[in-house]
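Enquirer: Provide a 3D model corresponding to the input given below.
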Amino acid sequence: LQAPCAPSQPVTGSESRRFANKHSKKALKASLTLGILLGMFFVAWLPFFVTNVTQAVCSCVPAGFFDVLTWLGYCNSTMNPIIYPLFMRDFKRAMGKYLPCCRRSGEPRPSAISLSMRNSNSGPRAATSLKNVL
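Expert: From the prediction side, this is the model:
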């Protein structure tokens, strides 16, 4: 005996391939972004930390070289705000929404009241007195 199957729409091979292809592209882009961020972090900060440990052990690192490596790390920190908008669409959207210099023409400017209500996780409420709260 076989149990009757509920009627459902079969997923065709092309639909499942398209779904898998879309998600694999997203995963690839996320991996690429993470790889670039981590790669830049290691390239910028690893020499600083290795030199810092070397300086603690043998005191043989010139001060100028140490300063150059420190500034290399600082430059990495300034690159993060540039990398995020280049590779992340959500980040671009958020910046365009809240910064006037990044907003596209035709997009409405969010009001202070709407931002406050959105951040409070509630809508308008009736005024409450201290007596009602206690």
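
Enquirer: Ala27: neighbour count?
Expert: Counted with other Cβ atoms under 10 Å, the burial measure for Ala27 works out to 10 neighbours. All C-beta atoms are positioned from the backbone trio N, CA, C, and that covers glycine.

Enquirer: show me what the strand or helix carrying it is packed up against.
Expert: Under the assignment given by DSSP states H and E, the secondary-structure element containing Ala27 is helix 13-58. With contacts defined as 3 or more Cβ pairs under 8 Å, 6 or more residues apart in numbering; DSSP states H and E, the packing partners of helix 13-58 are helix 63-87.

Enquirer: which other residues reach the helix it packs on?
Expert: 29, 32-33, 36-37, 40-41, 43-45, 47-48, 51-52, 55, 91-92, 95 (Cβ atoms under 8 Å, 6 or more residues apart in numbering).

Enquirer: and the angle for it with helix 13-58?
Expert: 170 degrees (axes from the mean of the first three to the mean of the last three Cα atoms, to 10 degrees).

Enquirer: and the helix or strand immediately after helix 63-87 in the chain, what does it pack onto?
Expert: Toward the C-terminal end, the helix or strand that comes next after helix 63-87 (DSSP H and E) is helix 89-98. Of the remaining helices and strands, those touching helix 89-98 by 3+ Cβ pairs under 8 Å, 6+ apart are helix 63-87.

Enquirer: next, the angle from the helix it packs on to helix 89-98.
Expert: Orientation note: helix 63-87 sits at an angle of 90 degrees relative to helix 89-98 (the same axes, to 10 degrees).

Enquirer: buried sites along helix 63-87?
Expert: Leu69, Asn76, Tyr84 (16 or more other Cβ atoms under 10 Å).

Enquirer: closest to Lys22 among these?
Expert: Closest to Lys22 out of the buried residues of helix 63-87 is Tyr84 (22.5 Å), distances taken as Cβ to Cβ.

Enquirer: please report phi then psi for Val61.
Expert: Val61 adopts backbone torsions of phi -100, psi 130, taken as degrees, to the nearest 10.

Enquirer: contacts only, for it.
Expert: The neighbours of Val61, taking Cβ under 8 Å, 6+ apart as the test, are Thr51, Thr54, Gln55.
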